[in-house]
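> Here is my input, please return the structure:
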Amino acid sequence: MGMMSEFKDFALKGNVMDLAVGVIIGGAFGKIVDSAVGDVIMPIVGKIFGGLDFSNAFIPLAGQTATTLVEAKKAGAVLAYGNFITIAINFIILAWIIFIMVKGMNRLKKAEPPAPPAPPAPTPEDVVLLREIRDALKKR
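Presented below is the predicted three-dimensional model:
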């Protein structure tokens, strides 16, 4: 079998196509969650904490005195912990949504019926003979 036909068999299998669709939808879904976190959740969290803007939360490492993260990065190294907090919240939300989706899909799957019980093993011949002898003796 040639390499091209092996590749064709691999690429056209259902699992590979399902995976490709999942990656594309996951990328789009990730953008939705990014927007939800950055545009909806983080402003509310910032308001709760007295107007704190996590997107500009940083510690300058090069002694710069910039007021925004963009200015500080231009001036030198910074520890942008606010961006990390935003991404961590983003991950937690995305993981929770995926957990809920998988849990729902598992509920939708039909439970497989239990396997029928195995038939009893045939009685060994010596046991059958002993029972016949016993029954014959009882009739006497």
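> helix or strand right after the longest helix seen in the chain?
The longest helix of the chain (DSSP state H) is helix 81-108. Downstream of helix 81-108, the next assigned helix or strand under DSSP states H and E is helix 125-139.
> And that next one, what does it pack against?
For helix 125-139, not one helix or strand is in contact under the criterion 3 or more CB pairs under 8 Å, 6 or more residues apart in numbering; DSSP states H and E. C-beta here means a position set from N, CA and C on the backbone, and glycine is covered the same way.
> Let me know the distance separating the residue sitting nearest the centre point of the chain from F29.
Residue closest to the mean C-alpha point of the chain, counted by CA atoms, centre = their mean, is I98 at 5.6 Å. Note on I98: its distance to F29, by CB to CB, to the nearest Å, is 9 Å.
> Over to G46?
Distance from G46 to F29, by CB to CB: 24 Å.
> repeat for G22
10 Å.
> Quick check on those two: which one has the bigger neighbour count.
More neighbours surround F29 than the other of G22 and F29, with 15 against 11 (other CB atoms under 10 Å).
> any idea how far that one lies from V70?
28 Å.
> what distance separates the longest helix of the chain from the centre of its chain?
9 Å (CA atoms, centre = their mean, to the nearest Å).
> For it, give the mean pLDDT please.
Helix 81-108 shows a mean pLDDT of 83 in the predicted model.
> picking up where we left off before, which residues touch the residue nearest to the centre of the chain?
When the contact criterion is CB atoms under 8 Å, 6 or more residues apart in numbering, I98 has no partners at all.
> and it, how far is that from T86?
The gap separating I98 from T86 is 19 Å, by CB to CB.
> I25 too?
Taken as CB to CB, the span from I25 to T86 is 23 Å.
> Repeat that for A66.
The value you get for A66 to T86, if CB to CB is used, is 19 Å.
> With M4 instead?
Noted for M4: a distance of 46 Å to T86, by CB to CB.
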